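>>> fold the following and give me the result.
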Amino acid sequence: MVEQSERGPAYNFWARVKSEQATRGWSDSELFRQSGVTRNTINGLKTRKRVEAATVNAIADALDIPRDKAHVLAGLVPSDDEQPDTEAADAREAILRDPIYNDEQRAAMLQLHDLFARTNRGES
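This is a model prediction of the structure:
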């Protein structure tokens, strides 16, 4: 079993894929044939920090998982429970939560965000 700390943002999607695959009695080869996504890519959903929407779409389509549900499970979009109450998203919070950035990238993005915020407020 993958430790919680080792799970990537798409772990829940991977678990659903494996469940659907088992229900259909599909081997990894059959899932590859149906989706066009390699076994390594599918298994990488467990721990990979980033997943492509096209990959999620291909697998979801092969297994008849609605794309919107698949995107939530894969961590590409927040679930309805996680949606902010306002339409305007806080950019700083989005940068902090986005698993696509490593620590160095996140720090750079936050510096840019703060620079733009100061500029927009008329500060130097």
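>>> domain assignment for the chain?
Domain assignment of the chain by automatic domain parsing yields the ranges 4-78, 84-120.
>>> got those as TSV, with mean pLDDT and mean neighbour count columns?
Placement of C-beta: from N, CA and C, glycine included. Formatted as TSV, the entries for the domains of the chain read as follows, by pLDDT from 0 to 100; neighbours: other C-beta atoms under 10 Å:
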stretch	mean pLDDT	mean neighbour count
domain 4-78	90	17
domain 84-120	76	11
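>>> list of residues touching the host helix or strand of Q111?
Here Q111 is covered by helix 103-120, with elements defined by DSSP states H and E. Counting by C-beta atoms under 8 Å, 6 or more residues apart in numbering, helix 103-120 makes contact with A91, R92, I95, L96, D98, Y101, S124, all of which sit outside it.
>>> return the subset of those residues lying in helices.
Taking DSSP state H as the definition of helices, the contacts of helix 103-120 contribute A91, R92, I95, L96.
>>> which residues of this protein fall in helices?
Listed in chain order (using DSSP H), the helices of the chain are 11-24, 28-35, 39-44, 53-63, 67-73, 91-97, 103-120.
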